[in-house]
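In: Predicted model follows, preceded by the sequence.
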Amino acid sequence: MGDERTTIASVGIDGFNLALPHGTGVATYGFALAEAVRSLGMPVEGLFAIPVGRDESLREVLFYEALGRGMPPRRGPAWLRPMLDRATVMRGLRVSEVPETSRIERAGFADKLPRFDRLLSGAHLFERAERHFRRTRRFLELNIPDPPAIMHWTYPIPVRLMGSRNLYTLHDLVPLKLPFATLDRKRYYHRLVERCVREGDHIVTVSESSRRDIIDLLGAGEDQVTNTYQHTPIPDGLVHEPVDVEAIFGVKPQGYFLFFGAIEPKKNVARMVEAYLSTDTPHPLVLVGASGWQKDGELRLVDAMVRRGGKSGARIIQLEYLPRRLLMHLARHARAVLFPSLYEGFGLPVLEAMQLGTPVVTSNRGSLPEVAGDAALIVDPYDVSALARAIARVDRDAEMRALLSQAGLQQASRFSLSEHRRKLHALYTSVLASPPR
């Protein structure tokens, strides 16, 4: 780490996903990014869109209230907001510094909010930027005092921070690769990511699969897109914490299969459930995931089994959401993690399972073969029979589970904090050495 420490003044990271109440894969990326930047010895600044008001003495209170309870509803009639937002953008969006004191009890946010050296927030910044972009097809130009040397956006957000080098992370191009599997407005999304490529000082992504998509589909130059991969922080002390999953969830350690992720078409839950039910395994399948778009279609078979009752219905356990620490305990004690997604830009559940020594069955599409390497059973996600055979194989073969567990730990080491830090250091150094766009 000593050779990689740098004199870069500071790096800014947006709170677009970090502020969501139940988190996302991109929120995990943002947390990991802040951890990696801090380990390089760089100050880290956070830029959020939470309304914190004008009273400096209340900013910290209002920030953490929204972070814990969700964004407060906007004032005034909805029809008036576009005009008010336009006026706010024209006169300059106010961004306030949120003081960090010892008055707020923040221990409950330790696994969700990175430690920032400076915390900034502009009321409804991201919503206003999106509305501005839809109207003008231009990024919102934001001014703040003493901007960071690098502003690393963790998502395609139509904001350009003036005085900084702006880097945009495009995790994947799923709305363009699987247009039938997302709710994104495709014309808007295409225009947005193209503008990121044209106006950003650099594009960051998290796999070679996504890098190739960005170059091929958006016309980005080979030297304009860098794959840094990523790491995923496992909560401190988790592997040594005694957690009784049987008492909490009613399942025995190594006695259940686990899927975790959004319940949406891209995740291929319907085919996975069909494949699982076609095996004769006595071990239940635990589904952990927030309801996404077309959830009913993905869970139609599950709902039918539950209504029918009997042995088949009892084999599937559904959980809407779990805090990250408890979810990682559930993943650690699973017989195997199933993640046969149709397409991913990275595939965090695969890496998280491998880090915990849990066998994985995953897909041969997108970035998943990159992440899994030779340390998982990899199948065609559209082939239900092949998926069923893989589930049955990992279920019955204890020796295979042991081999996959050891291979997974070794493969996961390729996506360590030190590797992520090394790639970020090289990227930031290169961007700052190049002329701004």
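Out: Sure, I can see it. Numbering: from 1, shown residues only.

In: hey, where'd the helices end up in the stretch 251-400 of the chain?
Out: 269-277, 295-298, 300-308, 310-314, 324-332, 348-355, 368-372, 384-396, 398-412 (DSSP state H, counting those that start in this stretch).

In: Okay, domains of this structure per the record?
Out: Using automatic domain parsing, the domains assigned to the chain come out as 2-231+417-433, 238-414.

In: any chance of those in a markdown table, plus mean pLDDT and mean neighbour count?
Out: (C-beta placed from N, C-alpha, C; glycine too.) Output for the domains of the chain, formatted as a markdown table (pLDDT from 0 to 100; neighbours: other CB atoms under 10 Å):
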| stretch | mean pLDDT | mean neighbour count |
| --- | --- | --- |
| domain 2-231+417-433 | 93 | 18 |
| domain 238-414 | 90 | 19 |
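
In: separation between A27 and H171?
Out: 12 Å (CB to CB, to the nearest Å).

In: Surely L404 touches P359?
Out: Yes: the pair L404 / P359 is scored as a contact, 3.8 Å apart, by CB atoms under 8 Å.

In: Return every residue with contacts to both of the two.
Out: Listed as contacting both L404 and P359 by CB atoms under 8 Å, 6 or more residues apart in numbering are A336, A376, L377, V394.

In: Which residue, other than its chain neighbours, is closest to the last one?
Out: In space, and not counting its chain neighbours, V394 is closest to A336: 4.8 Å by CB to CB, 6 or more residues apart in numbering.

In: Could you give the bridge partners of the one you found?
Out: Applying DSSP bridges to A336 gives these bridge partners: F257.

In: so what's it up against?
Out: F257, L258, T358, P359, V360, V361, I391, V394, D395, R401, L404.

In: In a markdown table: the residues you listed, plus distance to R324.
Out: Below are those laid out as a markdown table (distance: CB to CB, whole Å):
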| residue | distance to R324 |
| --- | --- |
| F257 | 20 |
| L258 | 14 |
| T358 | 16 |
| P359 | 21 |
| V360 | 19 |
| V361 | 22 |
| I391 | 26 |
| V394 | 25 |
| D395 | 27 |
| R401 | 25 |
| L404 | 23 |
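
In: Closest one of those residues to L67?
Out: Distance ranking of the contacts of A336 against L67, using CB to CB, places L258 first at 28.2 Å.

In: quick one, what contacts the nearest residue to that closest one once chain neighbours are set aside?
Out: Of all residues not flanking L258 in the chain, A334 sits nearest, at 4.0 Å (CB to CB, 6+ apart). If you count contacts by CB under 8 Å, 6+ apart, A334 has them with Q254, Y256, F257, L258, V286, A353, T358.

In: ok, residues contacting stretch 48-62?
Out: Residues from elsewhere that reach stretch 48-62 (CB under 8 Å, 6+ apart): 14-16, 18-19, 63, 66-67, 71-72, 96-101, 103-104, 119-127.
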